[in-house]
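J.: Structure, please.
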Amino acid sequence: MKKIIIISLVIICFIMVNKNVNASDITIPAEAIRLRVLANSNSKYDQEVKMDVSFQIQNEIYNMLKDKTNIEDARDTLKNNINVLETAVEKILREKSYINTFKVEYGYNYFPEKEYKGVKYDAGEYESVLITLGEGKGNNWWCVLFPPLCLIEAEESDEVEYKFFVKELIEKYF
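T.: Numbering: from 1, shown residues only. Got it, this is the predicted structure:
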């Protein structure tokens, strides 16, 4: 009897894991705050600087927002800490010997249409932290800060252990 139950569970789990998710089912909530970093240009150096800024600012913002449970608190925290973000960007740019100017803004900013992992995100004005490096004419990088869809990456370490429930069941009973 145990084998029948386990096999049934395996089949049900397999069906659930392999259920197709339509791109249209994945959306960014209307009440979301984004982060966008615009590179000065598309030169290799400017794009590397953009990614360094993106990574460091994600970590900085993660520390600011990790205990925030609602968008109002997240919004207030970001607005009240723009100077902290400016200082962090300035430090990164100084370390990279980056001589261009930069600007950190909070408000409604334009985002172009983007397709990411099969999901199309519409162009439009979105509440966001916008970091513009130099002339801001290069490719951009963006993510969702709240709810913390991109900040989860800042929290994770390289040492993540993944377990598969069905495999554990099979190993336990067979």
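J.: Where is the longest helix in this protein?
T.: In the chain, assigned by DSSP state H, the helix with the most residues is helix 44-65.
J.: residues touching Phe111, list them.
T.: Residues touching Phe111, when contacts are defined by CB atoms under 8 Å, 6 or more residues apart in numbering, comprise 34, 36, 121, 123-126, 128, 142. (Glycine included, C-beta is placed from N, CA and C.)
J.: now do 7 Å
T.: Phe111 makes contact with 34, 36, 123-124, 126, 142, according to CB atoms under 7 Å, 6 or more residues apart in numbering.
J.: Glu125: what secondary structure?
T.: Using DSSP: H, G, I helix; E, B strand; the rest coil, the structure places Glu125 in strand.
J.: Do I have it right that it meets Pro112?
T.: No - with contact taken as CB atoms under 7 Å, Glu125 and Pro112 are classed as non-touching, separated by 11.5 Å.
J.: all strands for this structure, in order.
T.: Counting by DSSP state E, the segments of the chain that form strands are 33-38, 102-111, 114-116, 119-121, 124-133, 140-146.
J.: hang on, the earlier thing: what's the closest of the contacts of Phe111 to Glu135?
T.: Within the contacts of Phe111, distances to Glu135 taken as CB to CB reach their minimum at Arg36, with 15.2 Å.
J.: how much space between that closest one and Lys91?
T.: Relative to Lys91, Arg36 is positioned 20 Å away (criterion: CB to CB, to the nearest Å).
J.: Between these two, which is the more surrounded one?
T.: The residue with more neighbours, out of Arg36 and Lys91 and counting by other CB atoms under 10 Å, is Arg36; that gives 21 against 12.
J.: State the pLDDT value of that one.
T.: According to the per-residue confidence, Arg36 scores 94 in pLDDT.
J.: tell me the contacts of it?
T.: Applying CB under 7 Å, 6+ apart to Arg36 gives the contacts 109, 111, 128, 130, 140, 142.
J.: Can you say which of the contacts of Phe111 are buried?
T.: When neighbours are counted using 16 or more other CB atoms under 10 Å, the contacts of Phe111 contain these buried positions: 34, 36, 126, 142.
J.: For the last one, give me its contacts.
T.: When the contact criterion is CB under 7 Å, 6+ apart, the partners of Trp142 are 34-36, 111.
J.: Correct me if wrong: Cys150 contacts Trp141.
T.: No - here Cys150 does not reach Trp141: they are 9.7 Å apart, not a contact under CB under 7 Å.
J.: Pull the most distant pair out of the contacts of Trp142.
T.: Comparing every pair within the contacts of Trp142 by CB to CB identifies Leu35 and Phe111 as the most remote, at 10.6 Å.
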